[in-house]
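> generate a structure from the sequence data that follows.
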Amino acid sequence: MEPATATAPRSWSPQHVCLIALYSMRFALRSGGGIMFLLIFLTVGLSVASLFITPLEELVKIDGPDGMSASELSITILESDMVAKAVEWITNSDSVQSEYLLEKKPALLSAILLILLIAVPFTTCFGAFNQTSGDIASRGLRYLLLRTERANIFLGRFVGVLMFTIVSMIGTMLVIILYVQFKVGAYPGVELWSWGFQGLTAVFFLSLPYIALCAWISCLLDTPFGSLAICLLISGFSLVILYLLKLTLLTSTTADPESLAWLFKTVPWGWKYELLDGTPTVRVVAILAMLGFTAAFLFLGLRHFQKRDL
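The predicted model follows:
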């Protein structure tokens, strides 16, 4: 009979990851951090919506020219050439994409989503910055290490923040869609809700790599405030560097601005508007890019978390 060999312990357990994720969500609610993030995300979303809805609320009080209703007047303004040019400039796309966003989809919700996607990376940092840094500082993770593996703690905290972020996004999007539907009433309910679901999907996939980035930075530092500051700096300062690099290349070479668009594809920010593209293959590539950034940040974070002193 062959001697029994010792079985190596599993490096991670899905059950442990789920338990830690659920506990992390409950703790965030009790400590107030989760409620604060929900309020921040909701405030940002409603503020973006009010930039477009408040002027249109004034239009619904008057009749448009030649008997045009307020809703028709709102649609006419949002589908004008001036708005289309602004959308092309913001998204760095062509007229086909602007036509898709403003004519084939509810234009008001498209405008809200375009601005909301700009704010998502920064608002996400406020909810994901303290995944492990606070417990590393207090040495609280040492008690968890007696019962589970490091990988379970790291991934469990990530999943917990991800779940709470999803809840916050769904709540914010529901409020925005209901507000547009009942206050403006310019679009059919089916089109509005289907486009809102696609916009919610874009917001979710854009937030994924930034939650993973915060998970990595959080395990590098033992101060929550420092983790928040570094996450915001990386999210914003990387864009400043890319813009300066683009300007330098444009002034020192004869390169075309469109040929330098690949610079921003090196960060998740550069893929945000492809998540709303009218071509399914473009959206799939953008989703795969977001998943790739997420996997890379999680790999770096988990590798460091496995080695660091807790």
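> make it CA atoms for all contacts and neighbour counts henceforth
OK.
> how about the helices in the stretch 1-150 of the chain?
Assigned helices in the stretch 1-150 of the chain, in chain order: 14-31, 33-59, 70-78, 81-91, 95-99, 107-128, 133-138, 141-144, 150-179 (criterion: DSSP state H, counting those that start in this stretch).
> so for the longest one, mean pLDDT?
Right, the one you point to is helix 150-179. The average pLDDT for helix 150-179 rounds to 88.
> now do the buried residues in it.
Neighbour-count burial for helix 150-179, counted by 16 or more other C-alpha atoms under 10 Å, picks out 150-166, 168-170, 172-173, 176-177, 179.
> re earlier: ok, which of the helices of the stretch 1-150 of the chain comes nearest Y210?
Y210 sits nearest to helix 107-128 of all the helices of the stretch 1-150 of the chain, at 6.2 Å, using C-alpha to C-alpha.
> give the other helices and strands that that closest one contacts.
Here helix 107-128 touches helix 33-59, helix 70-78, helix 150-179, helix 189-220, helix 224-252, going by 3 or more C-alpha pairs under 8 Å, 6 or more residues apart in numbering; DSSP states H and E.
> now the ones you listed in JSON lines, with distance to G278?
Formatted as JSON lines, the helices and strands packed on helix 107-128 follow (distance: least, C-alpha to C-alpha, whole Å):
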{"stretch": "helix 33-59", "distance to G278": "22"}
{"stretch": "helix 70-78", "distance to G278": "18"}
{"stretch": "helix 150-179", "distance to G278": "20"}
{"stretch": "helix 189-220", "distance to G278": "11"}
{"stretch": "helix 224-252", "distance to G278": "25"}
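> so what's the residue lying closest to A21 once chain neighbours are set aside up against?
Nearest residue to A21, sequence neighbours excluded (C-alpha to C-alpha, 6 or more residues apart in numbering): G160, at 3.9 Å. Residues near G160 by C-alpha atoms under 8 Å, 6 or more residues apart in numbering: 20-25.
> so what pLDDT did the closest residue to K246 other than its chain neighbours get?
Once flanking residues are discounted, K246 sits nearest to L260: 6.8 Å by C-alpha to C-alpha, 6+ apart. We have a pLDDT of 70 for L260.
> can you get me a residue count around L260?
15 (other C-alpha atoms under 10 Å).
> just checking, it touches L247?
No - between L260 and L247 there is no contact under C-alpha atoms under 8 Å: 9.8 Å.
> from the contacts of G160, keep the buried residues only.
Neighbour counting with 16+ other C-alpha under 10 Å marks 20-22, 24-25 as buried within the contacts of G160.
> in TSV: those, plus pLDDT and distance to P224.
TSV is the format used below for those (pLDDT from 0 to 100; distance: C-alpha to C-alpha, whole Å):
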residue	pLDDT	distance to P224
I20	85	19
A21	85	19
L22	86	21
S24	81	15
M25	79	17
